[in-house]
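>>> starting from these lines, generate the structure:
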Amino acid sequence: MGIRGATTAGPTGATGRAGPAGAQGPRGFSGAAGSAEMVGMQGRAGPSGVAGSRGSVGPTGAQGPMAVKGTWTSYWEYTFNGDSNEIFYSERGNAGEIARYLNQNQSYRIGLDGADTTRVGIIRDALIRAGVPSDKIQTGALGDPQLRTYGRVEVLVRN
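Numbers count the residues shown, from 1 in each chain. Below you'll find the predicted structure:
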């Protein structure tokens, strides 16, 4: 065996052509869910767009019940709880709304229909206190008799 020669590397040879692509590897694991606490600030709303052109006029609707002069039309309903003659708290402002409606429609009259005359009187008094003139209020069997119950007073309107 002879002496070992110098260990220098020779020049790099030319690069060969690429080989074919290998098979796809297995799918990796899903990462952990991110923090839901890091929510960014909402940006301000952008400017409104230009309004579109006006659409065509629709067909005329069917004639409403108030179009027939002199007919009673159901407008509102008061309900009472059991033996109490107190108006429900949620319905106490209704008398004011009815008075405003009647002021806007001066020719209209109010009708009150209920099975209990005491409760009809309570609603009548509430309407008068709200500004409905007493001569514009009529009481009696004016509405649908099948809807007349002890715990209900119906308010009707007539033109």
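
>>> from here on, contacts and neighbour counts on C-alpha atoms
OK.

>>> give me the next element, helix or strand, following the lowest-mean-pLDDT helix or strand in the chain.
None of the helices or strands of the chain scores lower by mean pLDDT, DSSP states H and E than strand 72-79, at a mean of 89. Moving toward the C-terminus from strand 72-79, the next helix or strand (DSSP states H and E) is helix 94-104.

>>> neighbouring contacts of the following helix or strand past that following helix?
Next along the chain after helix 94-104, taking DSSP H and E as the criterion, comes strand 109-114. Contact with strand 109-114 is made by 72, 102, 120, 124, 136-143, 148-150, 152-159, as judged by CA atoms under 8 Å, 6 or more residues apart in numbering.

>>> buried stuff in the least confident helix or strand of the chain?
With burial defined by 16 or more other CA atoms under 10 Å, the residues of strand 72-79 counted as buried are W72, T73, S74, Y78, T79.

>>> low-confidence ranges, this structure, go.
The chain contains residues with pLDDT under 70 at 5-11, 34-40, 61-70.

>>> from the contacts of strand 109-114, which ones fall inside strands?
Counting by DSSP state E, the contacts of strand 109-114 place W72, I137, Q138, T139, R152, V153, E154, V155, L156, V157, R158 in strands.

>>> once you drop chain neighbours, what's closest to the last one?
Excluding its sequence neighbours, the residue lying closest to R158 (CA to CA, 6 or more residues apart in numbering) is W72, at 4.7 Å.

>>> do the same with the third one
In this structure, Q138 finds its nearest non-sequential neighbour in G111, 4.7 Å apart by CA to CA, 6+ apart.

>>> again, but for the second one
Take I137 and drop its neighbours on the chain: the residue closest to it by CA to CA, 6+ apart is I110, 4.8 Å away.

>>> how far is stretch 93-103 from where the chain is centred?
24 Å (CA atoms, centre = their mean, to the nearest Å).

>>> tell me the buried residues in that stretch?
Applying 16+ other CA under 10 Å to stretch 93-103 flags N94, A95, G96, I98, A99, L102 as buried.

>>> with distance to S30 added, can I get the residues you listed in a markdown table?
Converted to a markdown table, those look like this (distance: CA to CA, whole Å):
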| residue | distance to S30 |
| --- | --- |
| N94 | 60 |
| A95 | 64 |
| G96 | 64 |
| I98 | 64 |
| A99 | 67 |
| L102 | 69 |
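
>>> ok, the residues you listed vs S56, which is closest?
L102 (33.2 Å; CA to CA).
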